[in-house]
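Engineer: the following block contains a protein sequence and its predicted model.
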Amino acid sequence: MKRDDVFPSKYLKASDLNGKSVSVVIERASFEKLKASDGKEQEKIVLGFRNHKKTLPLNRTNYDSVTDIVGDDDTESWPGHRIELFADKTPMESKIVDCVRIRPPAQHDLPKNKPVKSPAPVQTSAEARDEETDDEIPF
């Protein structure tokens, strides 16, 4: 068994992306109390995504990335917007660690600053492709 199998997490980790970037639609941005590595509680914005169970707590860098993509720092306006998640590395304390970062979706995805509407009963081939892409990442 692997570590992630023994200690499953409800939060998205870089290893969940399997080295691929994934385009997701923000379903919610909620304010939640989380335990920091030092055991203290802190409040963070946590993103939930359409068709995915795992959520992503935001650090300042990722919060700023979403703000830049959406064009608004009010988290209430974020649901419905598409972003792209990818694995990266970052310094933490005295180590370089894996992390999840956020960037604008690829050019073939939906235009910037346009929220994604709820799925219609009839899907276009692009929507079907996006759903297939979402299903490849098991988070």
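Structural biologist: Perfect, thanks for sending it. Residues are numbered from 1 along each chain as shown.

Engineer: in this protein, what spans have low per-residue confidence?
Structural biologist: For the chain, residues meeting the criterion pLDDT under 70 lie at 107-139.

Engineer: what's the longest strand that it contains packed up against?
Structural biologist: Selection of the longest strand in the chain by residue count, based on DSSP state E, yields strand 22-35. With contacts taken as 3 or more C-beta pairs under 8 Å, 6 or more residues apart in numbering; DSSP states H and E, strand 22-35 sits against strand 41-49, strand 82-92, helix 125-136. All C-beta spots, glycine's among them, are computed from the backbone N, C-alpha and C.

Engineer: which parts of it are buried?
Structural biologist: Within strand 22-35, the residues that count as buried by 16 or more other C-beta atoms under 10 Å are Val22, Ser23, Val24, Val25, Ile26, Ala29.

Engineer: neighbours of the nearest residue to the last one once chain neighbours are set aside, how many?
Structural biologist: This points to Ala29. Among residues not flanking Ala29 along the chain, Thr75 sits closest, at 3.9 Å (C-beta to C-beta, 6 or more residues apart in numbering). Each residue near Thr75 was counted by other C-beta atoms under 10 Å, and the total is 19.
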